[in-house]
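J.: Using only what follows, build the 3D model:
(one chain, ligands or ions: 3)
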Amino acid sequence: MPTVIQKFGGTSLVNREAVVRCARRIATRHEHGDRVVVVVSAMGETTDRLVEQGRMMNPDGNRREFDLLMAAGEQVSAALMALALESLGVGATALTGAQAGFMTDEVHGRARIKDIRTSRLASELDADRVPVVMGFQGVTNEGELTTFGRGGSDTTAVALAAALNVAAEGGYCEINTDVAGIHTADPRLIAEARRLDQISYEEMLELALHGARVMDPRALVFGEKYSVPILVRHSTRPGAGTLITSMEEDMERPSVVGCALKEDIGRIALSVPAGESGAQAAIFEATARAGIVVDDIIQTEHDGRVHVAFTVEHADLAVVRTAISESLDDLGGGHTDPEVEIGLAKVSAVGTGMKTHTGIASRMFGALADRSIPIRNITTSEIKISCLVPQEHGVRALEAVHQCFDLGMPATENAREG
Ligand code: ADP
Ligand code: ASP
Ligand code: MG
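T.: Ligands and ions are numbered 1, 2, ... in the order given. This is a model prediction of the structure:
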């Protein structure tokens with residue numbers, strides 16, 4: 001009997017009626033004979049509201065207390081979902097992350113899963129009950145509640161699928177959301193965006209890292225590592241959805257499968273005397289210590305100075321600026337004050353087919369040039385090209401990229417294009 005993980009995101013649980021609609025889906029699957037484990041996020045915008053309330057109380061408050069505050073959102077939705085299932089005649093048990101066995105490290109707000117102890121889940125399943133697990137939270141060995149970071153319920157779901165080894169008996173992890181699957185671009189920004197039948201973990205990870213918020217990047221890392229089939233679909237409308245899986249290397253693949261836009265990017269620039277060693281290490285050790293992800297790094301040298309610039313999310317700018325100033329001061333001065341620029345966006349094209357196709361970059365740059373969109377920086381990987389552009393051109397840049405790779409066309413035509 002296969003075990004299916006059914007995750008419902010906050011956008012699918014906006015009110016009581018929506019919870020009941022999703023509960024019916026779960027009940028149908030349960031009646032069909034599958035073993036079902038449910039994972040829920042907080043309802044609608046609940047997490048945003050809780051964070052806002054915490055910040056109003058104390059903007060510099062402990063991350064520990066913020067974790068307790070945010071986790072309350074999932075506690076409400078899981079309890080309501082279990083009650084809804086019971087009212088439909090399905091035995092259900094709401095479980096906190098801790099009760100579901102999620103053991104994490106001690107990093108509040110960005111905790112990493114160290115182990116999942118599945119004995120409680122297994123006994124619920126053996127008793128033919130549906131466990132309803134609170135997403136994006138776990139517990140440390142010392143009993144402290146932790147959260148995984150925003151959007152982390154996808155990771156709860158995929159990690160559970162891996163821990164329960166659901167794929168071994170034909171099970172999978174279903175991510176139910178408010179769109180029909182993974183599209184060639186965010187369908188809310190690009191009307192022509194097309195649903196994909198399949199996408200590889202690698203491609204979806206790049207899209208997620210570059211702004212496609214439909215999946216949490218960490219869930220894809222788990223998915224790939226443990227070969228968990230992930231099906232992304234609409235929470236209530238029937239439809240095939242998108243299967244995220246590993247793909248045959250030799251399968252004919254279009255050069256570009258999708259594109260994404262990441263907004264609210266800031267840039268920090270400073271210079272140090274040329275020939276002084278250790279500046280780069282000091283800068284990036286400081287950002288790493290602050291737990292901040294740095295994106296593009298650009299280094300040039302002229303007039304006897306080394307100029308270093310890099311991008312981070314707007315929300316991280318203040319912390320980064322202070323951290324690197326302190327760390328460079330320790331090095332002995334000689335550096336300029338870090339200058340901050342805001343209002344940048346990054347448009348990215350992704351596809352494993354890039355490994356074997358040429359001319360992809362020039363096509364993308366040409367499309368941006370045709371619309372007079374200035375490119376502030378370019379970064380590439382084997383399967384991705386990104387251009388940093390002024391934010392006011394962000395959506396137009398995404399449209400340009402979507403169009404130039406014919407992503408709105410049926411997949412076969414797009415594949416032939418190369
Ligand atoms: P949930 O509450 O289910 O976790 P999210 O808001 O986190 O939902 O993710 C779903 C949203 O992701 C969609 O409403 C859509 O606007 C956005 N999105 C961004 N890029 C894509 C894409 N390539 N395909 C589908 N949806 C995307
Ligand atoms: N409720 C959490 C958030 O809004 C986790 C999630 O939705 O995945 O970030
Ligand atoms: Mg989400």
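J.: Kindly indicate whether Ala212 is helix, strand or coil.
T.: Under DSSP: H, G, I helix; E, B strand; the rest coil, the three-state class of Ala212 is coil.
J.: Buried residues, the top strand by length along the chain. List them.
T.: In the chain, assigned by DSSP state E, the strand with the most residues is strand 258-273. If you call a residue buried by 16 or more other CB atoms under 10 Å, then strand 258-273 has these buried ones: Gly258, Cys259, Ala260, Leu261, Lys262, Ile265, Gly266, Arg267, Ile268, Leu270, Ser271, Val272. All C-beta atoms are positioned from the backbone trio N, CA, C, and that covers glycine.
J.: can you check stretch 396-407 too?
T.: Ala397, Leu398, Glu399, Ala400, Val401, His402, Gln403, Cys404, Phe405, Asp406, Leu407.
J.: what does stretch 296-313 give?
T.: Going by neighbour count (16+ other CB under 10 Å), the buried part of stretch 296-313 is Asp296, Ile298, Arg305, Val306, His307, Val308, Ala309, Phe310, Thr311, Val312, Glu313.
J.: Same check on stretch 140-157?
T.: Of the residues in stretch 140-157, 140, 144-149, 151-157 count as buried by neighbour count, 16+ other CB under 10 Å.
J.: Over to stretch 232-239?
T.: For stretch 232-239, a neighbour-count test (16+ other CB under 10 Å) marks Val232, Arg233, His234, Ser235 as buried.
J.: got these as TSV, with pLDDT, secondary structure and distance to Val4 columns?
T.: Converted to TSV, these look like this (pLDDT from 0 to 100; DSSP: H, G, I helix; E, B strand; the rest coil; distance: CB to CB, whole Å):
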residue	pLDDT	secondary structure	distance to Val4
Val232	98	strand	14
Arg233	97	strand	12
His234	96	strand	16
Ser235	94	coil	14
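J.: Let's have the residues you listed in CSV, adding distance to ligand 2.
T.: Listed next are the buried residues of stretch 232-239 as CSV, based on distance: CB to the nearest ligand atom, whole Å:
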residue, distance to ligand 2
Val232, 14
Arg233, 17
His234, 17
Ser235, 13
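J.: How much space separates Ala42 from Glu192?
T.: Separation of Ala42 from Glu192 (CB to CB, to the nearest Å): 32 Å.
J.: So between those two, which is more surrounded?
T.: Ranked by neighbour count (other CB atoms under 10 Å), Ala42 and Glu192 place Ala42 first, with 26 against 15.
J.: Go ahead and list the helix or strand containing the more buried one.
T.: Assigned by DSSP states H and E, Ala42 belongs to neither a helix nor a strand.
J.: Count the neighbours of the nearest residue in space to it that is not next to it in sequence for me.
T.: Leaving aside its sequence neighbours, Ala42 sits nearest to Gly73 (CB to CB, 6 or more residues apart in numbering; 2.7 Å). Residues near Gly73, counting by other CB under 10 Å, number 26.
J.: Was I right to think Gly73 contacts Glu45?
T.: No: the criterion here is CB atoms under 8 Å, and Gly73 misses it with Glu45 at 9.5 Å.
J.: Find residues that contact each of these two.
T.: In terms of CB atoms under 8 Å, 6 or more residues apart in numbering, Gly73 and Glu45 are both contacted by the residues Gly10.
J.: mind checking the end-to-end distance for stretch 268-278?
T.: Chord length of stretch 268-278, first to last residue, is 18 Å (CA to CA, to the nearest Å).
J.: Please read the previous query as pertaining to stretch 96-110.
T.: 17 Å.
J.: residues of it that come out buried?
T.: Thr96, Gly97, Ala98, Gln99, Ala100, Gly101, Phe102, Met103, Thr104, His108, Gly109, Arg110.
J.: pretty sure Met247 is touching Glu224, no?
T.: No: counting by CB under 8 Å, Met247 does not reach Glu224; the two are 11.1 Å apart.
J.: between those two, who's got more neighbours?
T.: Shown here are Met247 and Glu224; by other CB under 10 Å, Glu224 has more neighbours (19 against 15).
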